[in-house]
Structures are given as structure tokens and as C-alpha cells.
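Participant: Kindly generate the corresponding structure for this input.
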Amino acid sequence: MSLTIDDAVVRYGVREPRTTAVDRVSLQVAPAEVVALLGPSGCGKSSLLRAVAGLEPLDRGRVCWEGADLSDVPVHRRGFGLMFQDGQLFAHRDVAGNIAFGLQMERMPRTQRAQRVRDLLDLVGLPGYQDRAVASLSGGQAQRVSLARSLAPKPRLLLLDEPLSALDRALRERLAADLHHILRRAGTTALYVTHDHDEAFTVADRVAVMMEGRIVQVGTPEELWAAPADAQVAEFLGYRLVTAADGARFGLSPQALRLESGEDGETAEETGGTGTRSGPGPGTSLRDADDVRIRGEVVSVGFARGRTTAVVQIPDWGPQRAVAEGIVPLEPGVPVTVRVDPGGIIRF
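Facilitator: Numbering: from 1, shown residues only. Presented below is the predicted three-dimensional model:
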């Protein structure tokens, strides 16, 4: 493994009780692998990243690169690149000057620097931007330049701390997909901090979920989504937790509940459903049936990305969000039939 974090502990404060930000974390990152540290704000992921960079001292444990302990290696000698939420570009330098900064520190000859800058601008999708003033760049362009600057010295490890969080959602989604390809084309080993699971799933090969200072689950995006370690991880990833009448616990994905009917008041049997209506037995139906249709009442109506959404009051489950296939006229108080997609159910 290129990066090994072994039983790392980071604490803040000088008086007891001190605040433990990172609590006995161990993690490995393979060469050319991108691993995301994913978790809610305050879970310790940025503190762990800063400890890897050497910006925070470890209270206990080790950070190793290719087996060598980095405890006594200062930040500037670790050979790691850093990229933060604010790209912190140099306003007095143009785009080329920003990207070439680290190369100048390494005393790379001018012609080689210029070629490296051109190559990196091509890599991040900004060919011909060498002479642009950084003040003229959009937020997304500035983050691309910041990424190019971080990649320019060919760091052994790239550390990215919420690099897209200051951008709007549409731009974040586009840049996350671009980052996925850029990091792999560059063959970069990276540790990527984010609180956005869609972003982590897009960028990373593996995702380490952090909660309250500890890593609670590590896996590929597919593994995490299919089998969250527990209800807390499932809820953070976007599942809605349901306790059925029989005591069984389920997690419903954001797309698990589909609106099928509205004001006509059809029952599940009349719409051809193979499951049962809501009542004492929906938990049993979820456990045993492949296709379940249940009844509920609309509490509120919304709209998301070309589809009607509704909060539906379902007996035994409480208010649950359901999604229609398209635009459906609905009003609060009307009865609806909701189909439960078995592929969107996990069981605890």
C-alpha cells in the first residue's frame, strides 16, 4: 500500500477532557487509488486529512508512506499535494503562473515548465488558458486551475478537502465526474474529503464512512449502497428508516416509494397490486412479497427535476417521501397508492 494510516488519534485542547476529533482510525490507500472520506460535518474527516498532510500532530498512531513512518517528516518534505475548498489561487499571477508555481520551486527549466502547464490545462479541460487572469475565471474554472496546480509537481499523494463544496450543485456534479476521469488519467493516488455521498460515489474507487471520529465502513460505492453497515450509515446515505408493525426495521432508498394513483381512490387490489394495503401488516408484506402496493394520504406536494414528489402519510410508517414517474396533479389530503420497489429496500 502507498498510504497506511495506523490507529491514528487526533485530539484538540490542552486541558482535560480534550476533544477527540479522530479516534483510532486505520485505513490503507493503494497506488493510483482514490479513497473518499465521507461523513457529516464535525465527524473528523478533515482533521484526519490534515494529520496525513502533517498539518495536525497525531496524539497516537502512525501515518506511513510505502512503509516509512512520516512522524518526523515536515509538511513540505512529504511530497503530498493539497487542494482545499477555496483554491487560493495567486491573484497576482496568471493561470500559467499559478500552475507553474511548484515547478519553479523545483527549478524545472522554463521550456519544460511551459509544456507541463499546457499538458495540465489540456488534462483539466482548459486548453489555451495560460494567459488568463485568475480574476476572470468562473468558480469551476478556478477549481480546475487549482487542481492543475496541485498536480503539476506530480505529488505522491493528493489530498483534497471539500474541493467542490463552494460550487452550485449542477456544477459540482459536472466537476465530480470530470475529477473522476482526471485523477485516473493522471494516475494519482488521492484522499478525498467530502460530506456529499453523491460526490464521493462519483469520484472515489472506495469510500470510508466516518462517524464521530471513527471509520465505520469502507467499501466501493456499490457495496456501501447495497449493504450499509447499520441504520446510522444507511440514514446518512439517504435511506429513510421504517419500523414496521411487526417490529422489523427497513431502510427505503430515495426512489423506493413510487406514486401510482391519486384522487381516484383506487385500492391496491384494483390497480393490480400483488401486495397489501397499509395497516397492521406492511412489514410482513415487505419481508415476504416482491411487489407491494400500500395506501396513504398526501401531506404535501413538491417538484424535483421534472417529477412530482409528495410526502405521504402511511399508517405505521408515518410521513414518507414518494416520487412520481412524471408530473402528476396532486393536492394535500387526497388518498394515493404507493408502490414499494423491492430493489430499494434494505433490511436490518
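
Participant: quick one: low-confidence parts of the stretch 1-150 of the chain?
Facilitator: 87 (pLDDT under 70).

Participant: how about the helices in it?
Facilitator: Taking DSSP state H, counting those that start in this stretch to define them, one finds helices in the stretch 1-150 of the chain at 45-53, 95-99, 101-105, 110-123, 139-151.

Participant: G79 - nearest residue in space that isn't next to it in sequence?
Facilitator: R156 (4.3 Å; C-beta to C-beta, 6 or more residues apart in numbering). C-beta coordinates here come from the backbone N, C-alpha and C atoms, glycine included.

Participant: ok, that neighbour touching T189?
Facilitator: Yes: between R156 and T189 there is a contact at 6.9 Å, judged by C-beta atoms under 8 Å.

Participant: Find residues that contact each of these two.
Facilitator: Common contacts of R156 and T189 (C-beta atoms under 8 Å, 6 or more residues apart in numbering): S2.

Participant: Neighbour count: the two, which is higher?
Facilitator: T189 (22 against 16; other C-beta atoms under 10 Å).

Participant: is it true that the more buried one touches V29?
Facilitator: Yes: here T189 reaches V29: they are 6.1 Å apart, a contact under C-beta under 8 Å.

Participant: other SSEs contacting the helix or strand containing V301?
Facilitator: Secondary structure assigned from DSSP states H and E places V301 in strand 292-304. Applying 3 or more C-beta pairs under 8 Å, 6 or more residues apart in numbering; DSSP states H and E, one finds that strand 292-304 contacts helix 282-288, strand 307-314, strand 318-323, strand 335-340.

Participant: Only the buried residues of the longest helix along the chain, if you could.
Facilitator: Criterion DSSP state H: the longest helix present in the chain is helix 169-185. By 16 or more other C-beta atoms under 10 Å, the buried positions in helix 169-185 come out as 172-173, 175-176, 178-180, 182-183.

Participant: Reformat those as a markdown table; add pLDDT and distance to G302.
Facilitator: Shown next, in a markdown table, are the buried residues of helix 169-185 (pLDDT from 0 to 100; distance: C-beta to C-beta, whole Å):
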| residue | pLDDT | distance to G302 |
| --- | --- | --- |
| R172 | 89 | 21 |
| E173 | 91 | 20 |
| L175 | 92 | 27 |
| A176 | 94 | 25 |
| D178 | 93 | 30 |
| L179 | 93 | 30 |
| H180 | 95 | 30 |
| I182 | 94 | 35 |
| L183 | 95 | 35 |
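
Participant: Give the burial count for F201, as a bare number.
Facilitator: Neighbours of F201 (other C-beta under 10 Å): 20.

Participant: do the same with V218
Facilitator: For V218, using other C-beta under 10 Å, the count is 16.

Participant: The residue nearest to G79 and V14, how far apart?
Facilitator: Computed as C-beta to C-beta, to the nearest Å, the R156 to V14 distance reads 33 Å.

Participant: Which one of the helices and strands packed on strand 292-304 lies nearest to P57?
Facilitator: Smallest distance to P57 across the helices and strands packed on strand 292-304 (C-beta to C-beta): 44.2 Å, for strand 318-323.

Participant: So what's the gap between that closest one and the chain middle?
Facilitator: Put simply, strand 318-323 sits 24 Å off its chain's centre (C-alpha atoms, centre = their mean, to the nearest Å).

Participant: Quick one: list the elements packing against that strand.
Facilitator: strand 240-243, strand 257-261, strand 292-304, strand 307-314, strand 335-340.

Participant: which neighbours do T189 and V29 share?
Facilitator: 2-3, 157.

Participant: quick check, nearest of these to V75?
Facilitator: For those, the minimum distance to V75 (C-beta to C-beta) is 12.3 Å, reached by L157.

Participant: Out of the helices and strands packed on strand 292-304, indicate the one that is most buried.
Facilitator: Mean neighbour count (mean count of other C-beta atoms under 10 Å) peaks for strand 335-340 among the helices and strands packed on strand 292-304, with a mean of 23.
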